[in-house]
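Undergrad: Give me a 3D structure for the following:
(one chain, ligands or ions: 1)
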Amino acid sequence: MKRRRLPTALLAVLALPAFAAQAYDYQLKPQAVADGVQVFVGKTENFSRENGGNIANTGFIIGRDGVIVIDTGPSKAYGEQQRTAIARLSKLPISQIYLTHAHPDHVLGSQAYAGVPIAALPGTTQGLTRDGDSLLSNLYRLVGDAMRDTELRLPTMEAKSGEVTVAGRRLRLIPGLGHTDADLMVFDETTKTLFTGDLVFFQRTLTTPNADIPRWLKTLDAIDAIDFKIMVPGHGPVLRDHAGIAQTRDYLQWLRDSLQGAARRGLDMPEVLQLTIPERFQRLAVLSTEYERSVSHLYPAYELETLPTVPKSRP
Ligand SMILES: [Zn+2]
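TA: Numbers count the residues shown, from 1 in each chain. You can find the predicted model right below:
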């Protein structure tokens, strides 16, 4: 029987080494913002396959005896690459992780830190316990392959409000709320660096899926009173002034007023989506998509507010 010969092109393919799955490369490069304080600045974009979900800021503080990590990014691969980048700058062990809030772009890299205590506010742990699986599957859908093998890791301890010394470094843990129902800030007393989580956005439009605007505005007033020198917002460039607070407040107030006004005028949602956004917000990244999301999250509640209350029927 005559042996059939495989076509040359197929032979060439078979000769290739078995396809080795490569992890998405986030190309994380920490930016020094103060003595012992480093930040991985995320892209001011929406989640995409191209950015692997790297849209939030994370950071770390090198203490006397160890390293404190603030947020772990969107995926297992991000967490692993974050840890590798930290190890290039410090041989000290990772002592502690703080998670600022229960949004997937900030917390899903925790898997890379087996055995390291993960602290968060109780509301964050509750939020992740309740919504973690759906947040995770949503991110798989939006980001795809960069999420490979990512699993949710829940916080292992409570972050308690007040001063705490971790790895020989004095920190102040400041709870806030409004972006979600539990937003933790981490303040480094040595350098007066404040990690705000998503209570402050800068040059990128806010996300509001769990927002409570009145509470958020109150928290911004409290942040204004903190004696920080450097501010690491949840999204956008690092600041040395209060501009991020002012911009976040301005956008929230405008959003509240325009949605309230639209509801009182009886506009329906498609009409609200057509409203003109003021010129000063046009330079914010991802404005139209986040505005659309905010209208869909928040507008129904403003419409409800305008409904006449039905008087109680008499017995
Ligand atoms: Zn968030």
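Undergrad: what residues does this protein put near the ion?
TA: Within reach of the ion by C-beta under 5 Å from the ion, the chain has these residues: 103, 198. (Each C-beta comes from the backbone N, C-alpha and C, glycine too.)
Undergrad: Lowest-scoring secondary structure element of the chain by mean pLDDT?
TA: Ranked by mean pLDDT, DSSP states H and E, the weakest helix or strand in the chain is helix 8-15, scoring a mean of 48.
Undergrad: Assign a three-state SS to A32, would you?
TA: Assigned by DSSP: H, G, I helix; E, B strand; the rest coil, the conformation of A32 is strand.
Undergrad: In this structure it contacts V41, no?
TA: No. A32 sits out of contact with V41 when judged by C-beta atoms under 8 Å, with a separation of 11.6 Å.
Undergrad: Neighbour count: those two, which is higher?
TA: V41 (21 against 10; other C-beta atoms under 10 Å).
Undergrad: So the more buried one is in contact with P237, correct?
TA: Yes. V41 lies in contact with P237 (C-beta under 8 Å); the separation is 6.5 Å.
Undergrad: give me the residue from the stretch 151-300 of the chain nearest the ion.
TA: The minimum distance from the stretch 151-300 of the chain to the ion, using C-beta to the ion, falls at D198 (3.4 Å).
Undergrad: Can you identify each of the strands in the chain by residue range?
TA: Using DSSP state E, the strands of the chain run over 31-34, 37-40, 58-62, 67-70, 94-98, 118-120, 157-158, 162-166, 169-176, 183-188, 193-201, 230-235.
Undergrad: okay, the last one in PDB with CA atoms only?
TA: Coordinates of the C-alpha atoms in strand 230-235 are reproduced here as PDB (Å, rounded to 0.1, in the frame of the first residue of the first chain):
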ATOM      1  CA  ILE A 230      -0.300  63.600  47.200                       C
ATOM      2  CA  MET A 231      -3.500  62.100  46.100                       C
ATOM      3  CA  VAL A 232      -3.800  58.800  44.200                       C
ATOM      4  CA  PRO A 233      -7.300  58.700  42.700                       C
ATOM      5  CA  GLY A 234      -9.000  55.500  41.700                       C
ATOM      6  CA  HIS A 235      -8.700  56.500  38.000                       C
END
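Undergrad: what's next to that strand, contact-wise?
TA: 33-34, 37, 39, 42, 44, 55-57, 59, 70, 100, 106, 179, 191-202, 204, 238-242, 244-245 (C-beta atoms under 8 Å, 6 or more residues apart in numbering).
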